[in-house]
Every structure is written in C-alpha cells, then in structure tokens.
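> Provide a 3D model corresponding to the input given below.
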Amino acid sequence: MTVALADGLTLAYARPALTRVGPVGTSGEDAALRVSGTLPRVPYGATSTVLVLAQGPGGPVLFPVETARTAVTVVSGTNLAGEPRDTLHLHDYAVAAADVHPLSEAELAEAELRAALARAALIAGAAERCVELTVQHTTTRVQFGRPLSRFQAVKQEEARLIEECALVRAAVDAAARDLSPVGVAAAKAQASASVAEIARIAHQLHGAIGFTELSELRLATTRLWSWRDEDGDESYWAARLGREALAADDVWALLAG
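Sure thing, here's the model as predicted:
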C-alpha cells in the first residue's frame, strides 16, 4: 500500500443530488465519487493499492485506487535510484460510497507535513551514510604514502560534509518535535538544499570509484538526488516558509520559538 497526495484530479459525485440551493453537483445522494485525472510518479504505484488524499466536491477525502481496474492506465517508471515511480491515469474511476472517507482540512494539511518530514528524514539518513562511507574511504585509502584523511584539503572537505549533514539532522529533529508548518518547511527546504553539497563532497573525496555501480556511495547519492524533489523541493518549501513569516505578527518569535 502506498499514499498519494493529489492536486491534479477532478472529483465529482457519482449521483448528484437534486437541490434548489446551488448548482447541480454541489451535493450527492451519497458519498460515491467519479474520479478522473493523473497521479504522477507514485511510489510503487503499479503494484500497490494507492490511498489518495484529495479535495473532493464536498471537502477533503481519502479513498483507495486499485490499479488493476480497467479505469486505470499505469505508466511504469523509476527515479534516478531505480525506485519505482509509476504514473496513474484515472479515467472516470468509480469509488463506492463506503470507500470514501471524509477528512478535515487540518488532517489534509497534516498529511502533507508528515510526508515532507518523512522525506526530509530519509534525506538525513542518506546524508549520514555518505559521511560514514566517505570517512571510511579517506581513512583506508593510501596515497603518496599516507591515508587521504591526513591531507589538510581532505580534512577541510570532510569537515564541511559533516557540518552539512549535521545541519540537515538538526532541522529534521527540530521539526519532528512539534510538526509545525514552519518547522517542517524549514526541515524539508534545508534537507533538499543540502543535497547538492553533500553529494558533491562525497563524490569528490571518493574519486571516480564513487560513481561505479559497485560503490555503495552511489546507492546513497542517487537517492539524495531523487528525494530532493519529492514531496516538495527546496523552492516550494522555502516559499511556504516565507508565507508563514509574512503572516506572523512576530516574525522573531516564529523563527526562534
């Protein structure tokens, strides 16, 4: 089972209720829906039941999508790390009333925050793996009669790598304590922004061997590059952080609280 937060779907009541208040389709005889549109790059979407969270005609809803049904066209794909990211095209997909679960706006917003925080935590874990592999490599690889870690230039780059990794971990830990929009926005923005520097230093210190398929470093950095854009990239979350700051009465209290 996998989850997709959707904003590109068209949802309508399967049995619109006749009413004298408002246009036809603003309410339904029951909660059954007809859904059309695209769910892009769903993790393991081709082989899983997909739980979709979306804005319905009467508010946020959660419902399952079974990809084996004829109303679903699956375009298989992968991210840079080779993880399945499948695009699902829904063609007037019918959802029974019993399968439609209403959500509050707060629950839908929380789902987005939890997805972004989870992705930031994955980035933090992959970044720490880059540090472990890089330190191991520079302490065991000998050049010019001494380990790479004994060279001042290498030490400086290793310190920058560790610093960047610690910055991501601190942001994720802070966001996990209260799951606030500001904390999560800062954590995902920082995690995504740090990917480039972390991967650059790790590969630079590994040299060409780090790019080979036999290198464990590749398993971490290709995931970093892939996860950077998933669940919102740094630009998206930086903009969210900016909107929160503009809406606050006391910006310093917001950022330091």
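
> Now do the SS call for residue 37.
Local secondary structure at residue 37 is given as strand here, using DSSP: H, G, I helix; E, B strand; the rest coil.

> I'd say it and residue 10 touch.
Yes. Under the criterion of C-beta atoms under 8 Å, residue 37 lies in contact with residue 10, with a separation of 5.3 Å. (Each C-beta comes from the backbone N, C-alpha and C, glycine too.)

> Name the next helix or strand downstream of the strand or helix carrying residue 61, please.
Element membership of residue 61, judged by DSSP states H and E, is strand 59-66. Beyond strand 59-66 on the C-terminal side, the first helix or strand identified by DSSP H and E is strand 72-75.

> Beyond the helix or strand where residue 131 lies, next helix or strand please.
When elements are assigned from DSSP H and E, residue 131 belongs to helix 105-140. Taking DSSP H and E as the definition, the helix or strand that follows helix 105-140 towards the C-terminus is strand 142-143.

> Please name every helix or strand in contact with the helix holding residue 131.
Packed against helix 105-140, as judged by 3 or more C-beta pairs under 8 Å, 6 or more residues apart in numbering; DSSP states H and E, are the following elements: strand 2-5, strand 49-56, strand 59-66, strand 146-147, helix 152-178, helix 181-206, helix 216-227.

> Can you point out the buried residues in that helix?
In terms of neighbour count (16 or more other C-beta atoms under 10 Å), helix 105-140 has its buried residues at 108, 111-113, 115-117, 119-131, 133-134, 137-138.

> Pull the contacting residues for residue 100.
Residue 100 is in contact with 31, 32, 33, 56, 61, 62, 63, counting by C-beta atoms under 8 Å, 6 or more residues apart in numbering.

> Is the first one in a helix, a strand, or coil?
What that stands for is residue 31. Taking three-state DSSP, the label given to residue 31 is coil.

> which residues touch it?
Applying C-beta under 8 Å, 6+ apart to residue 31 gives the contacts 13, 61, 97, 100, 102.

> again, only using 7 Å
Taking C-beta atoms under 7 Å, 6 or more residues apart in numbering as the definition of contact, the neighbours of residue 31 are 97, 100.

> Kindly report the same for the last one.
If you count contacts by C-beta under 7 Å, 6+ apart, residue 63 has them with 33, 52, 95, 99, 100, 101.

> Buried only: go through those residues for me.
Neighbour counting over these (16+ other C-beta under 10 Å) leaves 33, 52, 95, 99, 100 as the buried ones.
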